[in-house]
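Novice: here is my input, please return the structure:
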Amino acid sequence: MTSVVPHTGSDPSLSPKRKPEDAVQITYSNSRIENCLAKLMDYISGLSLLGLLGMLVYSILARDVLHVPAPWLEEIATLVIVYAVAAASIGAWIRKAHIAIDIVPNLLGGVPKIILEIMVIIVSLAFLGLATLGACEMVVRSANNRTTALALSFSWYYGGLVFCFGGMMLAAVLQIGTRLFGKQRKSFVEGQSS
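Specialist: Residues are numbered from 1 along each chain as shown. Prediction:
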């Protein structure tokens, strides 16, 4: 684990070949919009999971105590799960809390690292764009398919995918803006070797 300390000018742990400036790590803080969007997605996913818990409790009470059938709960619970996972995915994308292999970007520094990060985001945007397009097509194609208990259109379920991938695309665009125009934080990485 590397520790981050302020840049002091020289560090004996650096090899003679490496200059102290090479050990400066450039990071970006999320913009206000990204932070607000991440918090909103946290609230949506948290409230959705809380609602799911309430539906589960009602389902048990309706079945065992009230002896009232509630077949619609499964359909609503599935819909709530789709949107909760979508909101949590958007929040994770904003925070970069998803699993990523970042060995090469961590080896680079300065402008090459920024260019590589932007290229990765652009490739991600292409994938997310295709996934959003596919989800939109499924929304249209499944408009006449209905669930059994509530006769909900399956478009509502695929709409959760559109929400998820579209939100991730928005977050990726915001990340590109942060890389190009955001504030840079420079920090000295202690014990970084060449």
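Novice: buried ones in stretch 159-168?
Specialist: By neighbour count on 16 or more other C-beta atoms under 10 Å, the buried set for stretch 159-168 is 159-168. Just so you know, the C-beta spots here come from the backbone N, C-alpha and C atoms, and that holds for glycine as well.
Novice: contact partners of it?
Specialist: Residues outside stretch 159-168 that contact it (C-beta atoms under 8 Å, 6 or more residues apart in numbering) are 37, 41, 79, 82-83, 85-87, 89-90, 93, 124, 128, 131-132, 135-136, 138-139.
Novice: can you rerun that using 10 Å?
Specialist: For stretch 159-168, contacts defined as C-beta atoms under 10 Å, 6 or more residues apart in numbering pick out 37, 40-41, 44, 78-94, 98, 124-125, 127-136, 138-139, 142, 153, 155.
Novice: stretch 38-57 too?
Specialist: 30, 70, 72-74, 76-95, 97, 163, 167, 171.
Novice: returning to what we had before: buried members of the contacts of stretch 159-168 into ChimeraX, please.
Specialist: In ChimeraX, a selection of the buried entries from those looks like this (16+ other C-beta under 10 Å):
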select :37,41,44,79,80,82,83,84,85,86,87,88,89,90,91,92,93,94,124,125,128,131,132,135,136,138,139,142,153,155
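Novice: so of the contacts of stretch 159-168, which ones are in helices?
Specialist: Of the contacts of stretch 159-168, the ones assigned to helices by DSSP state H are 37, 40-41, 44, 78-94, 124-125, 127-136, 138-139, 155.
Novice: pLDDT value on the residue nearest in space to the middle of the chain, please?
Specialist: What sits nearest the mean C-alpha location of the chain, by C-alpha atoms, centre = their mean, is residue 93, with 1.9 Å. Note for residue 93: predicted pLDDT of 90.
Novice: again with residue 132
Specialist: Looking at residue 132, the pLDDT reads 95.
Novice: helix, strand or coil for the residue nearest to it when sequence neighbours are not counted?
Specialist: Excluding the flanking residues, the one nearest residue 132 by C-beta to C-beta, 6 or more residues apart in numbering is residue 165, at 4.1 Å. In three-state terms, and counting by DSSP: H, G, I helix; E, B strand; the rest coil, residue 165 is helix.
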